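S.K.: here's my sequence, what's the structure:
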Amino acid sequence: MTSGVLDRRQGRAIMTEKKRLQIGLMIHHLENEYASEILKGAIVAAEELDINLILLPGRGINAVEDDEKYSIYDYQYNVIYNYVSERNLDGLLVSAGTVGSYISREEMAQFLHSYDPLPLLTMEVEFPGYPCIRFNTNAMKLAVEHLIHHHGCRKIGFVSGPMGNQDAMERLQCYRAVLEENHIPYDCTKVVYGNFSETSEEVVRNLLDLHPDLEAICFANDKMCIGGYEVFKERKMRVGEDILVTGFDDSEVATSLKPMLTTVRTNISSMGYQSVQALVELIRTGETRSRTLDARLIVRESCDLTEEQIQNLTDHCAAEEIVGMIFNKYIGDLESATKTRFIWRVWELLKKEFQAVCSHEPLPLAEYQKEISEMFDQTDVIPIQVPLLKKVVTYAKELAVQICREQPENLLAAERLHEFFLDNLLDYSMQQQYLLRTNLVYSNFLISNINKDMMINSNDEEKSFFSIVKNLYRVNFKSSYIYVFHSPVVHYQYEQWIMPENLYLKSYHIGQKLQRVEPPEQQISIYSCIANRYMPQDRRYTFVMVPLFSNEEQYGLFICELDYNHFSQIYSVAPQICSAIKMTRLVKELEGNLEEARFANSRLKLISDSDELTGVYNRRGFYRAANAMLSSQESAGKGGVLILADLDNLKIINDTFGHDGGDHALKTCVQYLSSATPLLDAIGRVGGDEFAGFVMADDPETAGKQIYDSIKKAAQQYNATSAIPYNITLSVGVYTVTCQGGEQLQNYVKYADQKLYQDKKNKNRIVIKPQNDSMPV
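M.R.: Reported below is the predicted structural model:
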């Protein structure tokens, strides 16, 4: 360790003694099951350590989502990663397996190094120079070995994650290793590659088309099993009978599938918990060790225990083992669940029951029923899903009945005991559903008010933003902060995000304190948005940071604090705020000082004459404006220049880079034409890839040449400096006219079109730039 590093860390240690630590956690999304479990553990650890936790839910870098629920503008979420700095965080956790799923190890390493010298710890995937908390790389072997040893499978397929992803490749290697250890030839055609999402149907279909006789399929994570189950359903294959299925992670997906999924339990929430602990140790001491978390197989119905195995279990296992097996089958994070009083009491009750029946002692039914009534009377919230608890109790009943097959009195008592518990659980569930439904209706009403209230107050920007926090205060948000940029920042997918220097804090709330920030106090440095005097100073917090955007426009930042169970509301609230900001800004820009009637009429005319994509005239608007100039009395006897231009190679750009790429090219063409300003009096998009311009000129020949040269020069300069990986060029035709009054510009179009045709012969035919001429997309 160099003295420079030592000094920096000593300085940090001194600083952290004086204030509460604040760490960040980067992860892909908030609403997938894996991320939810990571966050659950991280939040618990942060609460225990009394530190602030800032959640940064972006998307996978350069992610290509096949799922329709993901927007083409989801890349905008990744700007959140740019807010991280040593100036606002003491350390950073990165879920490298989710954030870096779509890029190479080298690119991910470069991403991590961009945060140096901030203390940083990775999860899932290890990188040189950074401590890591990850799962045992051999854990996948448990599932494959189970299929071979317990079910005698020899024909086993494998659905991997993306090629190049370290987690995916390690799990695939485990599959290959177990086959080799058991003298089963490896067949690469029995391996297909998904993307760790539920959209795995196509690869599973391909696998079954090639190998319809497969006995089992191992999936590299639970989520891809969702698509797999859909395919099995299509083909009328019964999971657990016609084909055995295993997953990996033991996320909530595993117990939501029917039949429930046999999977490798990795205790995802423990990873979040231990990662926070390790990062805090790194910050405070300057060092910490990497850790590997243990895993174990949880057997469920997708390759269930045989009747003989169940019989053996109930005949020979102790009560503690039986109860543990029951809970493990249905509850993923058993360690956390049993820390709560209610689940602990259920555990103890079942243990006492099985101790009695296994020892052939009479069950004290009345005593147990009284205990169950007290359990439900003394709890407000059951910390696991009610359907899962129902499955626990139902399965416990089945096993108890099996054990009591020769104990008539206990058999009847066991049945009554479990029915009594299930009746109480049903009553509780109905009460909770009513409360949840009532709260949901109220929350949705208040969230929907955000847009409406902002529009009502659109003539007063400060009041408009304050209306947001008033509604959030009344829902489930403990605190919220609404930041905006001075003006919207346009950010295209293939362009580098340029971070503005400042944000403007419009309004915020902390608990019952709702506050508008006066304009002179609003400006805050971009890196102070999560470290300033408006944050809670007397307690810890867990904040979620979400960028505010609409399509290509970034508006600002939404920071909020709410309970983990209500995180899903963020993705309802943020679009409402964005929509409201967009609408209020549009109204403000259009209104100006005009009267409402004049504004409405001018807006309608603007819409009817404008091209929505590029913002210039459309065909009708262009010819209306140009003909007005051409036919005016002031123009009689004067010269004019008509420009026709076509975007080169639009079809190739669309086919290669998608319609976003094509749209960007069309907008860039307008920039080229605008480079001739003030020479051009009117510019229009008159067809799909066709543009036109017109200008009055005393010397039309000279003006025409200047315009032509200006357009070509603008294109040349743009293509030489732009990071876009393709060339954007125009073919241009110029024709001069003499205004005689009463004429229509359409009469001259065919002549300009001939000039355009000649220029097209020399158009640029190199669409995609050489690799060293452009930045990576």
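S.K.: how about low-confidence regions in the stretch 551-700 of the chain?
M.R.: For the stretch 551-700 of the chain, residues meeting the criterion pLDDT under 70 lie at 590-603, 606, 633, 677-680.
S.K.: apologies, that question was intended for the stretch 51-200 of the chain.
M.R.: Applying pLDDT under 70 to the stretch 51-200 of the chain flags the ranges 64-70.
S.K.: that one: helices as residue ranges?
M.R.: When secondary structure is read from DSSP state H, counting those that start in this stretch, the stretch 51-200 of the chain shows helices at 96-99, 105-113, 140-149, 166-181.
S.K.: nearest to Val737, of those?
M.R.: helix 105-113 (54.8 Å; Cβ to Cβ). Any C-beta I mention is one placed from the backbone N, CA and C, and that applies to glycine too.
S.K.: Ile683 contacts Phe691, doesn't it?
M.R.: Yes - counting by Cβ atoms under 8 Å, a contact exists between Ile683 and Phe691, whose distance comes to 6.9 Å.
S.K.: partner residues bridging Gln523?
M.R.: Gln523 has the following beta-bridge partners by DSSP bridges: Tyr504.
S.K.: tell me the contacts of it?
M.R.: Going by Cβ atoms under 8 Å, 6 or more residues apart in numbering, Gln523 touches 502-504.
S.K.: same thing with Gln407?
M.R.: Residues in contact with Gln407, defined by Cβ under 8 Å, 6+ apart, are 357, 360.
S.K.: what's the spacing between it and Asp753?
M.R.: Applying Cβ to Cβ, to the nearest Å, the value for Gln407 to Asp753 is 97 Å.
S.K.: now do the strands in the stretch 351-500 of the chain.
M.R.: Chain-ordered strands for the stretch 351-500 of the chain, with DSSP state E, counting those that start in this stretch as the definition, fall at 477-490.
S.K.: which residue ranges of the stretch 1-150 of the chain form strands?
M.R.: For the stretch 1-150 of the chain, the strands defined by DSSP E, counting those that start in this stretch occupy 22-28, 52-58, 91-95, 120-123, 132-135.
S.K.: output these as TSV; include the columns mean neighbour count.
M.R.: Conversion of the strands of the stretch 1-150 of the chain to TSV gives the following (neighbours: other Cβ atoms under 10 Å):
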stretch	mean neighbour count
strand 22-28	26
strand 52-58	24
strand 91-95	26
strand 120-123	25
strand 132-135	23
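S.K.: any chance of those in TSV, plus distance to Ser675?
M.R.: Shown next, in TSV, are the strands of the stretch 1-150 of the chain (distance: least, Cβ to Cβ, whole Å):
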stretch	distance to Ser675
strand 22-28	40
strand 52-58	36
strand 91-95	43
strand 120-123	44
strand 132-135	51
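S.K.: right, and those - which one's nearest Tyr708?
M.R.: With respect to Tyr708, and counting by Cβ to Cβ, the nearest of the strands of the stretch 1-150 of the chain is strand 52-58 at 44.9 Å.
S.K.: show me what the closest one is packed against.
M.R.: strand 22-28, helix 33-49, strand 542-550 (3 or more Cβ pairs under 8 Å, 6 or more residues apart in numbering; DSSP states H and E).
S.K.: in contact with the residue nearest to Glu145 when sequence neighbours are not counted, which residues?
M.R.: Nearest residue to Glu145, sequence neighbours excluded (Cβ to Cβ, 6 or more residues apart in numbering): Val178, at 5.6 Å. Val178 makes contact with 141, 144-145, 148, according to Cβ under 8 Å, 6+ apart.
S.K.: all strands for the stretch 551-700 of the chain, in order.
M.R.: 553-562, 639-647, 682-685, 690-697.
S.K.: for those strands, which one sits closest to Arg341?
M.R.: Among the strands of the stretch 551-700 of the chain, the nearest to Arg341 by Cβ to Cβ is strand 553-562 (24.3 Å).
S.K.: helices or strands up against that closest one?
M.R.: The contact analysis (3+ Cβ pairs under 8 Å, 6+ apart) places strand 553-562 against strand 477-490, strand 502-510, strand 542-550, helix 570-591.
S.K.: what's next to it, contact-wise?
M.R.: With contacts defined as Cβ under 8 Å, 6+ apart, strand 553-562 is touched by 76, 79, 83, 472, 476-485, 488-491, 503-504, 529-530, 541-549, 569-570, 573-574, 577-578, 581-582.
S.K.: the residues you listed, buried ones only, as a PyMOL selection?
M.R.: Listed next is the PyMOL selection for buried residues among these, using 16 or more other Cβ atoms under 10 Å:
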select buried, resi 76+79+83+472+476+477+478+479+480+481+482+483+484+485+488+489+491+503+504+529+530+541+542+543+544+545+546+547+548+549+569+570+573+574+577+578+581+582
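S.K.: count of neighbours near Ser458?
M.R.: Here the number of neighbours of Ser458 (other Cβ atoms under 10 Å) works out to 18.
S.K.: which one is it nearest to, not counting chain neighbours?
M.R.: Thr584 (4.4 Å).
S.K.: gap between Tyr751 and Lys705?
M.R.: Taking Cβ to Cβ as the criterion, Tyr751 is separated from Lys705 by 16 Å.
S.K.: tell me the SS of Arg289?
M.R.: Going by DSSP: H, G, I helix; E, B strand; the rest coil, the secondary structure assigned to Arg289 is coil.
S.K.: quick one, what contacts the nearest residue in space to it that is not next to it in sequence?
M.R.: Spatial nearest neighbour of Arg289, chain neighbours left out: Pro131 (6.6 Å); criterion: Cβ to Cβ, 6+ apart. The contact partners of Pro131, taken as Cβ under 8 Å, 6+ apart, are 121-122, 278, 282, 288-290.
S.K.: which helix runs longest in this structure?
M.R.: The residue-count maximum for a helix in the chain (DSSP state H) belongs to helix 408-456.
S.K.: what is the neighbour count of the residue nearest to Thr137 when sequence neighbours are not counted?
M.R.: The spatial neighbour of Thr137 that comes closest, neighbours along the chain excluded (Cβ to Cβ, 6+ apart), is Glu170 at 4.7 Å. Residue neighbour count, defined by other Cβ under 10 Å, stands at 19 for Glu170.
S.K.: just to revisit the earlier point, does the residue nearest to Ser458 touch Ser467 like I think?
M.R.: No - the pair Thr584 and Ser467 does not pass the contact test of Cβ under 8 Å, sitting 10.4 Å apart.
S.K.: give me the common contacts of those two.
M.R.: Both Thr584 and Ser467 are contacted by Met454, under the criterion Cβ under 8 Å, 6+ apart.
S.K.: Leu92 versus Leu56, what's the distance?
M.R.: Here the criterion is Cβ to Cβ. By it, Leu56 lies 9 Å from Leu92.
S.K.: same question for Ile372.
M.R.: 47 Å.
S.K.: got it, and His29?
M.R.: When Cβ to Cβ is applied, the distance between His29 and Leu92 equals 18 Å.
S.K.: for Ile27, same thing?
M.R.: Applying Cβ to Cβ, the value for Ile27 to Leu92 is 12 Å.
S.K.: same thing with Leu604?
M.R.: When distances are taken as Cβ to Cβ, Leu604 and Leu92 turn out to be 51 Å apart.
S.K.: what's the answer for Ser429, then?
M.R.: Between Ser429 and Leu92 the distance is 41 Å, computed by Cβ to Cβ.
S.K.: now do the contacts for the most far-flung residue of the chain relative to its centre.
M.R.: Distance to the chain centre peaks in the chain at Gly637, reaching 62.2 Å (criterion: Cα atoms, centre = their mean). When contacts are counted by Cβ under 8 Å, 6+ apart, Gly637 touches 738-740.
S.K.: return the member of those residues nearest to Val44.
M.R.: The nearest member of the contacts of Gly637 to Val44, counting by Cβ to Cβ, is Cys739 at 77.7 Å.
S.K.: I figured the closest one hits Lys638, correct?
M.R.: Yes - between Cys739 and Lys638 a contact is recorded at 5.1 Å, counting by Cβ under 8 Å.
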